[in-house]
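# I'll drop the sequence and a predicted model, then ask my questions.
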Amino acid sequence: MTVILNQSFTGISIGAVLLLIALGLTLTFGQMGVINMAHGEFIMTGAYTTYVLQKSISSAGISLLVALPVAFVVAGLMGALLEWLLIRRLYTRPLDTLLVTWGVSLMLQQLARDIFGAPNVQTHAPDLLTGNISVGGGITLANSRLFILGLALLSVLALTLILRTTPLGRRIRAVVQNRDLAEVSGIATGQVDRITFFIGSGLAGVAGVALTLVGPIGPTMGTNYIVDAFLVVVVGGIGQLKGSVITAFALGVLQSVLEYSTTVSVAKVMVLVAIVAFLQWRPQGLYTLRTRSLA
Amino acid sequence: MSGLSISRRGLLAGMSAVGASAALSACGAKTGDSSSTDAAGAKADTSGSTVKVGLLNSLSGTMAISEVTVHNALLLAVKEINAAGGVLGKKLNPISQDGASDWPTFAEKAEALIKDDKVVATFGCWTSSSRKAVKPVFERYKSLLFYPVQYEGLEQSPYIFYTGATTNQQIIPALDYLKKQGLTKLYLVGSDYVFPRTANKEIQAYAKAKGMTVVGEDYAPLGSTEFSTIVNKVKDSGADAVFNTLNGDSNVAFFKEYKSSGMTAKSMPVLSVSIAEEEVKSIGTQYLEGQLTAWNYYQTTPGAANTKFVAAYQAAYGKDKPTSDPMEAAYVSVYLWKEMVEKAGSFDVAKVKAASDGITFAAPEGEVTVDGASQHVYKTARIGKVGADGLITEVWNSGKPIKPDPFLKGYDWASGLS
C-alpha cells in the first residue's frame, strides 16, 4: 500500500514536471500552431536566470521567488523577439518554422555555452525545498516536488483565467478560432500573436526555474525536455489546455507505475508504444479544437 | 566526463558503434597509401637535438572540457622534463593534435603524428572509442601510445601503455571497502550501456562469491533526468549502500532526488566511480557531501609529489582549477616513458618496451610501478569522501599498489565472466 501511494505521488510529480514544461507549448504550438523547437532553450533560459540571480542574491529562497517572475519576463521577451524577427514571417510555412526554430535552438545553446561555459552550473536549493514531509505510514513527499506541483497548478489556473476572463484572452481565442474574422473585427492579430508567444515562452522560463530543483542546469538541458513537452501537447489535443493537463498527469502516473514494475528503459518504450497506439485510435488527441494551421 | 554534459563513458556508449566503424574506416582508408612506406616512413626521428612527442587530445568538441585538462597536465610534464634537461640529453618538442571528439579524426591524427612528425611516443585519448580507433594505427606502425584514463579492462595492446586504472584497481577495491564497512546489501544504479552493465556483472559475481547481496539493479537511459521512481525503489529496497555507475547529467538529477527523498550519506551511502573533483563542482556539494568515490588519486592525496604537482598545475592554469585522477595519470605517463627510455638508453620502441617492466615513479598518487607483461601500472586504490568544500578526502586505501589484472585472471569468482 505504501508503495502504491508513494508511486502515485511520484507519478503525479512526474506529471507536474511534464505539465510545467508543456504548458507554454500548449499556447505556442497548441493555440498558434507554431512548432517551436527553441522551447527547450527558453526553459534553459529560465534555469540560467535562476543561476544568475542566485549569484547576486545570496539567499536561495528569495532568489528562487524572484527568479520566477524575472525568468518569465526574460524568456517571454526572448520569445517575443523570436516571433517578431522570424516566426511571423513564416506563419504560412510550418515546416520552415520547424527548421528555423531548430537552428535558433542550436544558436541559443551555443550562446549559453559561450556565456556560462560548457560544464553544468549549480544552484543552491533553499533548505525548505531540499527536505521532505512525512505524512505517516511510511509515505514521504519531497518538498521540491510539492513545490513544482503547486507551481504547475497555479500556472494552469492563471493561464485559464487569462484566457477565459480577460479581454486579452478573448482576443487570443478569437484569433485562434478565426484569424480573418478577428482581423476584420478590429483586433490587431499581429500584436496578439506576439503577446501569446510572450506568455508561452515566459511559461517555459518558469518551468526552467522549477527544474533547477530536480535536474541539471547546462546548455543542452532543454533537449532533455522538448520531446516530452511535444508529446504531452500532441496527445492532449492541439489547442486544448485541459487535454494537456490530463495527459501530463496520465503519462506521469503511467511512467512511474511501469518504471516501478519494470525498468526505466522498458517503461519509456511502453509509454511511447501506448502513445502511438492512442494516436492511431485518436489522431487528433484527447480534445480537439479547429485551428487555422493544423486543421 | 567533467561538466557532466557528456561523459567519457557516456560517449563511449553512445558512440561505441561509431567508434567501431571509425576503427574500421581508419584502417580501410589508409592501408593503400601507407603499406609501401610503413617501416621507413614511420621511423621515429631521433637525429636532432630535440625529439618530438605527440599529444593527442580533443581540444574541441564535446570531450574538450575533459580532455583539455589532460592536455594541460601532459604539457606541464613535458615542460618540467625539459627544464630538468630533457630525455637522453634531448629536449622534448610537444606536437599537439586535436582529435576533435571524433573517432575517425583521432585515427587520422595519430597517423599524422607517427608518419609526418615522426614522434617517438604519443600521449592521450580519453574515451575508449577513441582508443579503439587509434589502436590499429599504433599497432601497424609499431609506435607507442600512453593512455591515461581508467577504463573497462579486457584489453592489452602491445603498443599501448595504460596508466589509468583497470577494473581490479578501482571497482573491486571499492567492493572490498564496502564489505569491510559491513555494507553488504547493495543496490546497483547505472546508465544503460555497456560499461555499467559490464561493471555490474562483475559486481554480481563478486557479491555471490563473497557473501554480499545485490538487492536491486536499475539502469536509466543516458541523459535521463527523472529519477523519482528509481530513488523510491532504492529507498524501499533496504540496501546498505548504492553502487553508482551513472554518467553525465543523470548524476545531477539522481543526487538531487536522492537528497530530497530524505536519504543521506549516513542512512545509505552512494559510492560512485565516475565522479571526480570537477564533476563534484557541477553536481553541487550540497547534494554530494559525505558520499563516496573510488579513484587512485585525489587533489588532497598527501605527499610532496602531489603538493608539487597541484602547485605547479594551478600556477600554470589558474588557482581555482582542480586536479583529478585522469590528469594525474596523464602527467605520470610522460615521466614513466622518460624513465623507460633512460633505462633502455634508446628511443627505440622495442627497447623501450623491453625496459618497461619494473619502472617506478614517485607519482602524486604515490609510487607507481609499470607491469611489463600487461603494460598496465601498479596503482593504489583510494576511496574518498566528498567534503563540504567540494574536494574529496581519502577515507581508505588499499595500503599498497595493486597489481593490474585487466582480464581479472587472478580472481576465481570472475572466471565465468568473459
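Sure thing, it's come through. Numbering: from 1, shown residues only, chains lettered A, B, ... in the order given.

# From here on, just use CA atoms for contacts and neighbour counts.
Noted.

# which strands and helices sit next to the helix or strand where residue B:76 lies?
Element membership of residue B:76 [criterion: DSSP states H and E] is helix B:64-83. When contacts are defined as 3 or more CA pairs under 8 Å, 6 or more residues apart in numbering or on different chains; DSSP states H and E, helix B:64-83 packs onto strand B:50-57, strand B:91-98, strand B:121-124, helix B:304-317, helix B:325-344.

# Pull up the pairing partners for the third one, direction included.
Using DSSP bridges, the strands paired with strand B:121-124 are strand B:50-57 (parallel), strand B:145-147 (parallel).

# before we move on, back to that, and the helix holding residue B:76, what's buried?
B:64-79, B:81-82 (16 or more other CA atoms under 10 Å in any protein chain shown).

# Skipping adjacent residues, who's closest to residue B:139 in space?
Using CA to CA, 6 or more residues apart in numbering or on different chains and skipping the chain neighbours, the partner closest in space to residue B:139 is residue B:159 (5.8 Å).

# I misspoke; the intended subject was residue B:367.
Nearest one to residue B:367, counting by CA to CA, 6+ apart, is residue B:361 at 5.7 Å.

# burial count for the one you found?
Residue B:361: 16 surrounding residues under other CA atoms under 10 Å in any protein chain shown.

# Give me the distance from the helix or strand where it lies to the chain's centre.
Residue B:361 belongs to strand B:360-363 when assigned by DSSP H and E. Centroid separation for strand B:360-363 versus its chain: 18 Å, with CA atoms, centre = their mean, to the nearest Å.

# What about residue 49, how many residues nearby?
In the absence of a named chain, chain A is used. 26.

# wait, chain B
Residue B:49 sits with 9 neighbouring residues when counted by other CA under 10 Å.

# Tell me the residues of the stretch 251-400 of chain B that contact chain A?
Within the stretch 251-400 of chain B, the positions adjacent to chain A are B:252-253, B:256-257, B:259-262, B:281-284, B:286 by CA under 8 Å from any CA of the partner chain.

# do that again at 7 Å, thanks
Applying CA under 7 Å from any CA of the partner chain, one finds that the stretch 251-400 of chain B approaches chain A through B:252, B:253, B:256, B:257, B:259, B:260, B:261, B:262, B:282, B:283, B:284.

# where does residue 155 land in three-state SS?
Let's take chain A. helix (DSSP: H, G, I helix; E, B strand; the rest coil).

# Hmm, no, I was thinking of chain B.
coil.

# pLDDT weak spots in the chain?
Since you didn't name a chain, this refers to chain A. In the predicted model, chain A carries pLDDT under 70 at residues A:289-295.

# wrong one, chain B
B:1-42, B:62, B:418.

# Find the centremost residue of it, please.
In chain B, the C-alpha nearest the mean C-alpha coordinate belongs to residue B:149, at 1.7 Å (CA atoms, centre = their mean).

# how close does it sit to chain A?
Per CA to the nearest CA, to the nearest Å, residue B:149 is found 20 Å from chain A.

# Now for the nearest residue to that residue once chain neighbours are set aside: which residues touch it?
For residue B:149, ignoring the flanking residues on the chain, the nearest one in space by CA to CA, 6+ apart is residue B:164 at 4.5 Å. Listed by CA atoms under 7 Å, 6 or more residues apart in numbering or on different chains, the contact set of residue B:164 reads B:148, B:149, B:150, B:326, B:329.
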